[in-house]
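[1] Return atomic coordinates for the entry below.
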Amino acid sequence: MKRVIAFGESLLDVIYEPTAVIPGGSVLNSTVSLARSGVSVQLMTEFASDGPGRILKNFLVKEKIGLDYSCIYNDAKTSLAFAVLDENAKATYTFYKSFPSRRFEINLPRFDNKTILLFGSFSALNTELNSIVQTLVTKARSSGSLVYYDPNFRKTATVIDNDTIERLNFNFNHADIIRGSDEDFEAIFATSEIFEVWNYLKNTGCKLLIITYGGQKVEVINQSFRLHFEIPQLNIVSTIGAGDSFNAGFLVAFTKHIDYEYDTILMDENKVKKCIKTAIHYASSVCMSALNYIPDGFD
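    Okay, the predicted model is just below:
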């Protein structure tokens, strides 16, 4: 059985209109949808042993998400994200973070050709975490694991300097699948036209590029084919977690092909179509609720 190792931040989302306080973080959101779909998943994350941290830990344990490679600090505060939704249900964030000076001093998980590494967002570009990210990704690639990268790049929250560009290039060069929104690629490359983005990425390690264009469409490209998918009309409640659940839906469908090599799946147009359709189904469900992940019993 294929399993997912997910690396990323955990925090509490404090959402205004509709008001809610729920566990969040881009990669955490994906792991919840994965675990609720029966996928074996370990979350490599960090939070404190304070009140919010206990809420996170209890939630993750209840969801059967492994924490064998997570760090729970006594000398820190669990991160908070204050999110305000606009008239289109899109969120703007203010983050509150307090970490110790020494982070992720743990043993790394075992990787093999039955393992998928999912990573992205702030943790993948963080200065203090650069060493652990590069070690983790390099180990996954050298062990034959599939690497799935979602930059989840917010221009308002990340400074595009030489160090950031260097880290982005490393992540792009070591990812088999890259999935980003049109806003991500506009911020990084000043374009979201899929052929133009593919020209930047086709000579990296990327075997499949996926671009999601909000509630409009999804486009996919690799060296063999290009796919286009329209998004059905939805009654949107919140877009928080939509891209994260898209990632989860893709990987849920992907893990069902247990008898195939990763490269074989990525070059099979029909198998990729099934993965994308499942991903859209997951993202659509999340957009129509106030949750960051699919509900229990989702089908």
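[2] By residue count, which helix of the protein is the longest?
    helix 269-287 (DSSP state H).
[3] Which residue is the nearest non-sequential neighbour of R110?
    S143 (7.9 Å; Cβ to Cβ, 6 or more residues apart in numbering). Heads up, the C-betas are built off the backbone N, CA and C, glycines and all.
[4] Tell me how many other residues surround that neighbour.
    Neighbour count for S143, taken as other Cβ atoms under 10 Å: 13.
[5] for S181, same thing?
    Quick note: S181 (other Cβ under 10 Å) scores 21 neighbours.
[6] Please apply the same query to V218.
    Per other Cβ under 10 Å, the neighbour tally for V218 reads 21.
[7] quick one: contacts of the strand or helix carrying it?
    Using DSSP states H and E, V218 sits within strand 217-221. With contacts defined as Cβ atoms under 8 Å, 6 or more residues apart in numbering, strand 217-221 is touched by 194-195, 198, 208-213, 226-231, 272, 276, 279-280.
[8] What subset of those is buried?
    Buried members of the contacts of strand 217-221, counted by 16 or more other Cβ atoms under 10 Å: 194, 198, 208-212, 227, 229, 231, 272, 276, 279-280.
[9] Among those residues, which one lies nearest to D176?
    D176 lies nearest to L208 out of the buried ones among the contacts of strand 217-221, by Cβ to Cβ, at 7.0 Å.
[10] Quick one: residues contacting I211.
    For I211, the contact set (Cβ under 8 Å, 6+ apart) comprises 179-182, 185, 192, 194, 197, 218-220.
[11] Revised request: answer the last question for L209.
    By Cβ under 8 Å, 6+ apart, L209 lies in contact with 178-179, 194, 197-198, 201, 220-222.
[12] what about Y73, distance to N113?
    33 Å (Cβ to Cβ, to the nearest Å).
[13] who's more crowded, these two?
    Y73 (18 against 11).
[14] Retrieve the pLDDT associated with that one.
    pLDDT, Y73: 96.
[15] Give the bridge partners for it, please.
    Judged by DSSP bridges, the bridge partners of Y73 are A48.
[16] Can you verify my assumption that L118 contacts R3?
    No: here L118 does not reach R3: they are 10.9 Å apart, not a contact under Cβ atoms under 8 Å.
[17] between these two, which one's more packed in?
    In terms of neighbours (other Cβ under 10 Å), L118 is the more surrounded of L118 and R3; the figures are 29 against 18.
[18] low pLDDT regions in this structure?
    Where the chain drops to pLDDT under 70, the residues are 1, 18, 155-159, 258.
[19] just the strands in it please.
    3-7, 11-16, 20-24, 40-44, 46-48, 71-73, 77-85, 91-98, 115-120, 146-150, 177-181, 208-213, 217-221, 226-230 (DSSP state E).
[20] I'd like to know which of the ones you listed lies nearest to A290.
    Among these, the nearest to A290 by Cβ to Cβ is strand 20-24 (5.8 Å).
[21] tell me which residues in the closest one are buried?
    Judged by neighbour count using 16+ other Cβ under 10 Å, the buried positions of strand 20-24 are 20, 22-24.
[22] farthest pair in these?
    A20 and P23 (10.8 Å).
[23] Which residues are in contact with each of the two?
    Common contacts of A20 and P23, defined by Cβ under 8 Å, 6+ apart, comprise D13.
[24] Hmm, L291 is touching G241, no?
    Yes: between L291 and G241 a contact is recorded at 7.0 Å, counting by Cβ under 8 Å.
[25] what sits against the residue nearest to P232 when sequence neighbours are not counted?
    Once flanking residues are discounted, P232 sits nearest to S284: 6.7 Å by Cβ to Cβ, 6+ apart. Applying Cβ under 8 Å, 6+ apart to S284 gives the contacts 231-232, 234.
[26] Against E63, how distant is S284?
    Applying Cβ to Cβ to S284 and E63 gives a distance of 21 Å.
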